[in-house]
Each structure stands twice: as structure tokens, then as C-alpha cells.
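Participant: Here's my sequence, what's the structure:
(chains A and B)
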Amino acid sequence: EPEVTQTPSHQVTQMGQEVILRCVPISNHLYFYWYRQILGQKVEFLVSFYNNEISEKSEIFDDQFSVERPDGSNFTLKIRSTKLEDSAMYFCASSAREGVTEAFFGQGTRLTVV
Amino acid sequence: ILNVEQSPQSLHVQEGDSTNFTCSFPSSNFYALHWYRWETAKSPEALFVMTLNGDEKKKGRISATLNTKEGYSYLYIKGSQPEDSATYLCALGAGGADGLTFGKGTHLIIQP
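Facilitator: Take a look at the predicted model:
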């Protein structure tokens, strides 16, 4: 069964460092997303991506965040200068089409900023 | 800002018993409600996507109902099994570019 895969599963980084989280969405899907969950809080939407550009982004997705689909299969989230409060589980998701449909999630990358 | 609330936060249920929990949301500007099951160390897995008031969906022993006029959805599990232990998330979202707005989840533990 097709699945969304994320690497690494856990990343530890020093405050101020840049980090790139990687995702391979399901191959024929059109919409791609990043979400995060800070421990003990709700899963929060960060950004959606369609047709090689950002479709929508939340208030959380400020200038330190960027997304890219560099080669037609990978989908990356870059955090330029990590802060302690960026520590969270980051989920990638994809969905097949426009309109109301389920999103398929990866297993997440746990980012710890020290 | 959409506010999606789930209750209870956690629930212990004896194996074989049936259970249910609630997702509450603003009834205005409703598009769709999603239920996910999230087991530890796994991906959140989509259970249902519901759009119509009065909708009822079923997958094996799990079912869900939707009331868009009063702003709630119930998830029911009949004859709970240990493998049902997970966090159950509900979320609002229209799909496409629209991100999902999640509740905090109900953490369900099935006790043998």
C-alpha cells in the first residue's frame, strides 16, 4: 500500500542551526502539507503546497520556514535558524485531489532543539 | 480561528465493552469533518471523512455520526479490542489547499 515516508525519524539540533526535514509523498498525489505537534498540544497546520508553490500557510509558518519540492518526489521543510520552541513532531501529509478527501500522513520526524 | 474540541481527553475501557467519544466544532462555515486514528510510533490513519448533516459512516466495529447543525460528531467503537488502543483525532477541513484544524484527541486505552 502506498505510504508517505519521512526522514529522519528523530533529529537533534543545536539552537540557531538550520535543519531540513524530508518527506516522500505518495507518488500520484497533488497536495502536500506540513503539520507539527508540540508535545501535549494540538496538531497544527503549517503549510500546503500545490503545483510547485505554496497554496496556504498558517501564522506559524513565518520567514524562518520554507518548503521545496526539488525533484518531483521529495518534499522538504527547512527551518533556517532553529529555536527551542521549534521542538515538536513534524508531520508530512499528501492528498490525491482537489476537494474533500482524506490526507495521508507520514510517521513524523521528532525534532529536538537543544 | 476554528476551535475543535474533543472529549474526553483520555478513556480507559475494558476489552469487549463499547465506547464513544465526542468532537465539537463551530457549526457555521462547516465543510468536512475528518476522523483519524493515531497509534504510537505510527502515522495517523484516516478513518472517515464526513460532509453531510446526519451522515453515518462505518468501518468494521467503528462508526461515526455527524450533526453539522449543532456542531458535533460521535465516534463509536463496538466491542473494544486491545488493538483499538490509540489516540483518535478529529479535524475540520475542506481539503485541497485548506489545512486541517485538529482537536487535541481522545487517548483510548483498552484494558484486557
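Participant: ok, the closest residue to B:Val4 other than its chain neighbours - contacts?
Facilitator: The shortest distance from B:Val4 to any residue other than its chain neighbours is 4.0 Å, reached at B:Gly103 (Cβ to Cβ, 6 or more residues apart in numbering or on different chains). From N, CA and C alone the C-beta is placed, and that goes for glycine too. Taking Cβ atoms under 8 Å, 6 or more residues apart in numbering or on different chains as the contact definition, B:Gly103 lies against A:42, B:4-6, B:23, B:89-91.
Participant: For the residue nearest the centre of chain A, give me its contacts.
Facilitator: Chain A has A:Trp34 as the residue nearest its centroid, 3.1 Å off, counting by Cα atoms, centre = their mean. Contact analysis of A:Trp34 by Cβ under 8 Å, 6+ apart lists A:21, A:23, A:46-47, A:67, A:77, A:90-93.
Participant: of these, list those near chain B.
Facilitator: Restricting the contacts of A:Trp34 to those adjacent to chain B (criterion: Cβ under 8 Å from any Cβ of the partner chain) gives A:46-47, A:91.
Participant: Now that A:Phe104 has come up, it's in contact with A:Tyr31, right?
Facilitator: No. A:Phe104 is not in contact with A:Tyr31 according to Cβ atoms under 8 Å; the separation is 10.4 Å.
Participant: Name the residues contacting each of the two.
Facilitator: What both A:Phe104 and A:Tyr31 touch, as defined by Cβ under 8 Å, 6+ apart, is the set A:94-95.
Participant: could you pull out the strands for chain B?
Facilitator: For chain B, the strands defined by DSSP state E cover B:5-7, B:10-14, B:19-24, B:33-38, B:45-50, B:56-59, B:62-67, B:72-77, B:86-92, B:101-102, B:106-111.
Participant: Does chain A have contacts with the longest one?
Facilitator: It stands for strand B:86-92. Yes. Using Cβ under 8 Å from any Cβ, strand B:86-92 reaches chain A at B:89, B:91.
Participant: Go through that strand and flag the buried ones.
Facilitator: B:86-92 (16 or more other Cβ atoms under 10 Å in any protein chain shown).
Participant: try the fifth one
Facilitator: Of the residues in strand B:45-50, B:46-50 count as buried by neighbour count, 16+ other Cβ under 10 Å.
Participant: before we move on, back to that, please pick the buried ones from the ones next to chain B among the contacts of A:Trp34.
Facilitator: Neighbour counting over the ones next to chain B among the contacts of A:Trp34 (16+ other Cβ under 10 Å) leaves A:46-47, A:91 as the buried ones.
Participant: Just the ones in strands from the residues you listed, please.
Facilitator: Mapping those onto strands (DSSP E) picks out A:46-47, A:91.
Participant: What residues does chain A have near chain B?
Facilitator: So far as Cβ under 8 Å from any Cβ goes, chain A lies against chain B at A:3-4, A:31, A:33, A:35, A:41-48, A:50, A:55-56, A:58, A:91, A:95, A:97-108.
Participant: Narrow those residues to just the buried residues.
Facilitator: Applying 16+ other Cβ under 10 Å to the residues of chain A next to chain B flags A:4, A:31, A:33, A:35, A:42-48, A:50, A:55-56, A:58, A:91, A:95, A:100-108 as buried.
Participant: Which positions in chain B make contact with chain A?
Facilitator: B:4, B:31-32, B:34, B:36, B:41-46, B:49, B:51, B:89, B:91, B:94-105.
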